[in-house]
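Colleague: With the input below, show me the fold.
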Amino acid sequence: MFLLLCFFSVERGAHSKCGLSSFGSPPHNTAGVNVFKEKYKMSMIIKYESLFEGIQLQENKTLLNSIYTQLFIIEGEREGVNEEHEILQMEKNYITLQETPINCNDIFKPLPGYEKQREDVIKTVLTSGIAGIGKSVSVQKFILDWAEGKANQDVDFMFVLPFRELNLIKDDQYSLHRLLVDFHPVLQDLDSKILEECKVVFIFDGLDESRITLMFSENETVSDVNESSSVGVLMSNLIRGELLHNVLIWITSRPAAGSQIPSQYINRLTEIHGFSEPQKEEYFRKRISDEHQASRIISHIKRSRSLHIMCHIPIFCWISSTVLQNLLKQEDSAEIPKTLTEMYIHFLLTQMNMRKVIVKLAELAYKQLMKGNVMFYEEDLIESGIDVTDVTVYSGICTEIFKEESVVHQRKIYCFIHLSFQEFLAAFYVFYGFVNNNSEFLNVFDLLPNLHRGVIEVALRSKNGHLDLFLRFLLGISLESNQRLLQGLLTHTEESSESIRTTTAYIKDKIKHEQGLSADRSINLFLCLLEMKDQTLFREILEFLKSVKHSENKLSPSHCSAIAYLLQISDEVLEELDLKKYNTSDEGRRRLVPAVMNCRKALAVLSSSLDGCNLTDQCYEIVASVLKSTDSPLIELDLSNNDLQDAGVELICAGLKSPNCRLEILRVSGCMVTEKSCCFLASALISNPSHLRELDLSYNHPGDAGVKMFSALLENPDCKLEKLKYVGFRDTFSSDKCVFLRLLNLDSQADLALNICFRVYCFALINVPVYICNDLVF
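Modeller: Residues are numbered from 1 along each chain as shown. Have a look, this model is predicted:
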């Protein structure tokens, strides 16, 4: 039986991983070190060869190598500190960015082909990823491959120090050597000096769970492995390079917490995107031995957009396979879940049907969610009336995950199997309290629509959206169909059809008319409607998009966010996204930009006058990410009359130079493109010259360097440019005509057009604007 709540004791083991470093001199007494290494590696194999999906029960135990599916890890991460709800991050960034993926065993190696470009040695890596995306499993695979002799054999030792365990000793004094022995008793007799001579990797897993203060600006220096200090000081000195100068360090974290480490101490940023499309299917086929059943489950998940997106998270794949396998064993009439709420209800019901216990766990989930906690301690459980010593009650519901190496600090740590399940149980607790006349809720909300409205308003006021999924679950649970599924847990159900209609009308009014809603909150409200199975706004938007009357009614920015989201998730590619057709504000048009990911032609110019759409760098980042995508249908992009400036051009160029970019037409007329920007643009097109057929650079300022760069581009035999439009420039170019004279001697049709270009340049020298209509236009 799978469990809802995972109980972690302090495990004195290591989730280590190592890199390919040439640091450190050969250790003395190599034979003695090798004995320790082999003994230590064997302990790591025993510790990490098995994977427990969900919680640690024998029936959940699987050999890691038989189930492991390579995750999609890329170099770099989204700019800035992203504090929005992680599930919404994933839903908004659903497109598969084509970056060069990194194998977890290569985390300290430069990307292939970039070895000479990196001047620094990759000593410290920060890997971010949302909850449940596979950070700790990647660490586990990294260590296991090392211990089994499959990878990184130049590394002598790997040590994992999970923050969730270090929290328990944060106020104690330790030397580094004693700390490692506490976590790995097998190292008891290892000479501490060996640590300074060997190649060592430290892994700090779960920075987001840390309650330790890391001190990077203070002067407390520790440089001896036998010198005692606080755990926070030891870790800070390791990361700063003061303690064991040549170690490699891998830090894992959820996205919002990564900024705790100053950038000067990080040599590489990576991000785990979870399963790509092929990896999802690979996971299900590995986990489900019945090929026909696996195909049915994969097909069902693909039909539900919300489930399909969530399956980027490995733990959700496990939840989905658990639920769907169970349902498919039943009669054909079994209702297959189509929403997140339905999936989580079915998962809850497959675990147990003990109301009192679930309600107590739900109360714990709610109280800790309101405090922002995802890790809890025994006192937190006691506060919710949970007696963790009563194993007869909690057998099969929650279990203690004791590691045999835990010989010190037997204080336990608790968490739910995933943050989203904590949010689901918290929502269940609120609804359960409401229908059972709990005064905590009835004193504030007397009717279900008022409860919905109150929670909606609280969620909308959240700056980081930490209640977004909680809100969706609460509204989903309120459906009578879902209440019926939960009738074994609810003492009675609430007639909610009219309440649901009232709430959906309230949400639609918010989306259509509320002016102050952020894009994220607007999208979440749209998802709330879908969670309540209300398709009316969805259909209204579809009709709106099919009509030619886009300009009749003014759209609020929130409405534009919903439109953009719908366009993104549509199975049909939009032929043209023309922002001028939408009667909305500049902010509204900016909210529509993410829809470029699912259109062939994107126009961001309002008219032929100097009125662009006032796009921002964030908009250009979105466009660049679309250009990098493996499956982007975008082939035409018009950004004319937007003030791109150098920063905007550089962002767009990052997309243009991607080998995945298939753009054929680009117009940047009147975008204040400078000489520097033209060089960016030409360089990007030289890197990827094989697709662009038409480029409009009119009313910009390329200067000498820009002209020369474009001349070099046009000489490239791979260049497919058929039309280069340049109208209305007044730059004065130098008399360095060798580039152009060389072009005069070329014979191809494209080069013939360049003869015309040369005459244009001559006119330009006397500041006369020239307009020539030809295949190549200047």
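
Colleague: pull the CA atoms of stretch 714-728 into PDB?
Modeller: Presented in PDB, the C-alpha positions along stretch 714-728 are these (Å, rounded to 0.1, in the frame of the first residue of the first chain):
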ATOM      1  CA  LEU A 714      25.800  37.000 -48.200                       C
ATOM      2  CA  GLU A 715      29.100  35.400 -49.400                       C
ATOM      3  CA  ASN A 716      28.400  32.300 -47.300                       C
ATOM      4  CA  PRO A 717      27.400  29.500 -49.700                       C
ATOM      5  CA  ASP A 718      24.900  28.200 -47.100                       C
ATOM      6  CA  CYS A 719      23.100  31.600 -47.000                       C
ATOM      7  CA  LYS A 720      19.600  31.300 -48.300                       C
ATOM      8  CA  LEU A 721      18.800  35.100 -48.100                       C
ATOM      9  CA  GLU A 722      16.800  36.100 -51.200                       C
ATOM     10  CA  LYS A 723      15.600  39.500 -50.100                       C
ATOM     11  CA  LEU A 724      17.500  42.000 -48.000                       C
ATOM     12  CA  LYS A 725      15.500  45.200 -47.600                       C
ATOM     13  CA  TYR A 726      17.200  48.400 -46.600                       C
ATOM     14  CA  VAL A 727      15.200  51.700 -47.100                       C
ATOM     15  CA  GLY A 728      15.800  55.200 -45.800                       C
END
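
Colleague: Buried residues, that stretch. List them.
Modeller: Burial within stretch 714-728, assessed by neighbour count using 16 or more other Cβ atoms under 10 Å, is assigned to Leu714, Glu715, Cys719, Leu721, Lys723, Leu724, Lys725, Tyr726, Val727. No exception for glycine: its C-beta is placed from N, CA and C like everyone else's.

Colleague: Give me the distance between the last one and Arg667.
Modeller: Counting by Cβ to Cβ, to the nearest Å, the gap between Val727 and Arg667 amounts to 12 Å.

Colleague: again, but for the first one
Modeller: According to Cβ to Cβ, Leu714 and Arg667 sit 18 Å apart.

Colleague: Now do stretch 328-344, average pLDDT.
Modeller: Per-residue pLDDT values across stretch 328-344 average out to 82.

Colleague: List the buried residues in the longest helix seen in the chain.
Modeller: The helix spanning the most residues in the chain, taking DSSP state H as the definition, is helix 30-48. Of the residues in helix 30-48, those scored as buried under the neighbour-count criterion (16+ other Cβ under 10 Å) are Val33, Phe36, Lys37, Tyr40, Lys41, Ser43, Met44, Lys47, Tyr48.

Colleague: Make TSV from those residues and add distance to Asn450 and pLDDT to it.
Modeller: What follows is the buried residues of helix 30-48, written out as TSV (distance: Cβ to Cβ, whole Å; pLDDT from 0 to 100):
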residue	distance to Asn450	pLDDT
Val33	69	76
Phe36	66	82
Lys37	65	87
Tyr40	60	91
Lys41	61	92
Ser43	58	90
Met44	56	91
Lys47	52	87
Tyr48	51	86
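
Colleague: tell me the SS of Gln568?
Modeller: Classification of Gln568 by DSSP: H, G, I helix; E, B strand; the rest coil places it in helix.

Colleague: try Val186
Modeller: helix.

Colleague: Not counting its neighbours along the chain, what's nearest it?
Modeller: The shortest distance from Val186 to any residue other than its chain neighbours is 5.0 Å, reached at Ser43 (Cβ to Cβ, 6 or more residues apart in numbering).

Colleague: just Arg305 next, same as before
Modeller: By the measure of Cβ to Cβ, 6+ apart, the closest residue to Arg305 outside its immediate chain neighbours is Ile569, 5.2 Å from it.

Colleague: Surely that neighbour and Ser306 touch.
Modeller: No - shown here, Ile569 and Ser306 do not form a contact pair, counting by Cβ atoms under 8 Å, at 9.1 Å.

Colleague: picking up where we left off before, report the separation between the residue nearest to Val186 and Met158.
Modeller: With Cβ to Cβ as the criterion, Ser43 and Met158 are 12 Å apart.

Colleague: and if you look at Ser50?
Modeller: Distance of Ser50 to Met158, computed by Cβ to Cβ: 18 Å.

Colleague: the more surrounded of those two?
Modeller: It is Met158, of Ser50 and Met158, that has more neighbours when counted by other Cβ atoms under 10 Å, with 27 against 18.

Colleague: That one: which element?
Modeller: strand 157-160 (DSSP states H and E).

Colleague: Quick one: list the elements packing against that strand.
Modeller: helix 30-48, helix 135-147, helix 176-183, strand 200-204 (3 or more Cβ pairs under 8 Å, 6 or more residues apart in numbering; DSSP states H and E).

Colleague: nearest to Ser462, of these?
Modeller: helix 135-147 (24.9 Å; Cβ to Cβ).

Colleague: Would you indicate which residues of the closest one are buried?
Modeller: For helix 135-147, the neighbour count (16+ other Cβ under 10 Å) marks 135-147 as buried.

Colleague: now stretch 466-481
Modeller: Residues of stretch 466-481 classed as buried: 466-479 (neighbour count, 16+ other Cβ under 10 Å).

Colleague: which strands and helices sit next to the longest helix of the chain?
Modeller: In this structure, helix 30-48 packs against helix 135-147, strand 157-160, with contacts taken as 3+ Cβ pairs under 8 Å, 6+ apart.

Colleague: from the middle of its chain, how far away would the shortest one be?
Modeller: Spelled out, it's strand 157-160. Taking Cα atoms, centre = their mean, to the nearest Å, one finds strand 157-160 lying 27 Å from the centre of the chain it belongs to.

Colleague: Also the longest one?
Modeller: Computed by Cα atoms, centre = their mean, the separation of helix 135-147 from the middle of its chain amounts to 21 Å.

Colleague: any idea of the mean pLDDT in it?
Modeller: The predicted model assigns helix 135-147 a mean pLDDT of 90.

Colleague: got the angle for it vs strand 200-204?
Modeller: For helix 135-147 against strand 200-204, the angle between stretch directions is 160 degrees (axes from the mean of the first three to the mean of the last three Cα atoms, to 10 degrees).

Colleague: just the angle between helix 135-147 and helix 30-48, please?
Modeller: With the same axes, to 10 degrees defining the directions, helix 135-147 sits at 140 degrees from helix 30-48.

Colleague: From the contact counts, what lies against helix 135-147?
Modeller: Helices and strands touching helix 135-147, by 3+ Cβ pairs under 8 Å, 6+ apart, are helix 30-48, helix 64-67, strand 157-160, strand 248-253.

Colleague: The ones you listed: lowest mean pLDDT?
Modeller: Per-segment confidence across the helices and strands packed on helix 135-147 bottoms out at helix 64-67, which has a mean of 70 in mean pLDDT.

Colleague: can you pull out the strands in the stretch 501-650 of the chain?
Modeller: In the stretch 501-650 of the chain, the segments counted as strands under DSSP state E, counting those that start in this stretch are 574-578, 599-603, 636-638.

Colleague: could you dump these to JSON lines with mean pLDDT and distance to Leu269?
Modeller: Output for these, formatted as JSON lines (pLDDT from 0 to 100; distance: least, Cβ to Cβ, whole Å):
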{"stretch": "strand 574-578", "mean pLDDT": "90", "distance to Leu269": "31"}
{"stretch": "strand 599-603", "mean pLDDT": "91", "distance to Leu269": "29"}
{"stretch": "strand 636-638", "mean pLDDT": "93", "distance to Leu269": "28"}
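
Colleague: To Leu555, which of these lies closest?
Modeller: Distances from Leu555 to each of the strands of the stretch 501-650 of the chain were compared using Cβ to Cβ; the minimum, 14.1 Å, belongs to strand 574-578.
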